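[1] using only what follows, build the 3D model:
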Amino acid sequence: MRKTFSRFRDFAILRFSITRSSNDPITRFAHAAIVSLLIITTLSLSSFADSVHDIAQRVDRRYNHLTTLKAHFEESYNGAGIARNESGELWLQKPGKMRWQYEQPAQKLFIVDGKNAYFYVPSERQARKMPAKKLDDFRSPIRYLLGKTKLENEFNNLAISTELPKQAGNVVLQGIPKGMEDRVQRVLLEITPANQIARIQIEEIDGSITEFRFRDIQENVAVNAELFRFSPPPGVEIIQAENLEP
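    As a prediction, the model looks like this:
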């Protein structure tokens, strides 16, 4: 592909130099404009083809060098006649641990300690538990961001999306998560110039959309190990569950 672009560029430059000798200014201008447009388009396509890989690799390198991460998150869900907006604090720790502490509009807790996952709502008298390896939850893959990130292996058809970013200067990638083709039609990843993931949007086949936005991201911060241990309050029963989605 690079050789093709190179030959085309050489040809275009040669043609441009020939058309400049024309005595007809309109023809000369038209030829120059067309050739210039073709050159720009060709070089843009070449850059576009390379940039998906480059962006993915930069994101991989950033997250693979982290041991902990803390961020404020906003989560929204729209589907099946339900609209839900929540927010709170997220902590990640390598390998495979995370804590989603929901604060608004109601308190909830979602913890993965590396082996098991727990979901607890303080207003309830039960906490749900299931093996982490059996999780089928959109929050679950996020725990693998630290130390194991390789976007091009996790998504089919990874590409730059035509969707505009929420924040100017960011770029949006899109793809289909491997193993979730029967449930998800597209995932958008909004990447900042610092190669951080600022937004994840999951579009399911049934039309529902879940979005996570992250801000105030802190990397390699000191994290108390107790954050990833669930100790049920007195009187709260832990039950085995089939899923931990809210």
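[2] can we go C-alpha only for contacts and neighbour counts from here?
    Will do.
[3] mean pLDDT per element in this protein, and the minimum belongs to which helix or strand?
    The weakest-scoring helix or strand in the chain, judged by mean pLDDT, DSSP states H and E, is helix 2-19 (a mean of 39).
[4] nearest the middle, which residue of the protein would you pick?
    With distances taken as C-alpha atoms, centre = their mean, L189 lies nearest the centre of the chain, 2.9 Å away.
[5] what helices or strands is the helix or strand hosting that one leaning on?
    Under the criterion of DSSP states H and E, L189 resides in strand 184-191. On a contact count with 3 or more C-alpha pairs under 8 Å, 6 or more residues apart in numbering; DSSP states H and E, strand 184-191 meets strand 171-177, strand 197-204.
[6] mind putting those strands into JSON lines with distance to V52?
    Shown next, in JSON lines, are the helices and strands packed on strand 184-191 (distance: least, C-alpha to C-alpha, whole Å):
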{"stretch": "strand 171-177", "distance to V52": "8"}
{"stretch": "strand 197-204", "distance to V52": "15"}
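[7] do you know which of those strands lies nearest Q126?
    strand 197-204 (28.8 Å; C-alpha to C-alpha).
[8] what mean pLDDT does the closest one get?
    Averaging pLDDT along strand 197-204 yields 95.
[9] ok, then the element right after that strand?
    Where DSSP H and E defines the elements, the next helix or strand beyond strand 197-204 is strand 209-219.
[10] and that next one, which strands flank it?
    Strands that pair with strand 209-219, judged by DSSP bridges, come out as strand 68-79 (antiparallel), strand 197-204 (antiparallel).
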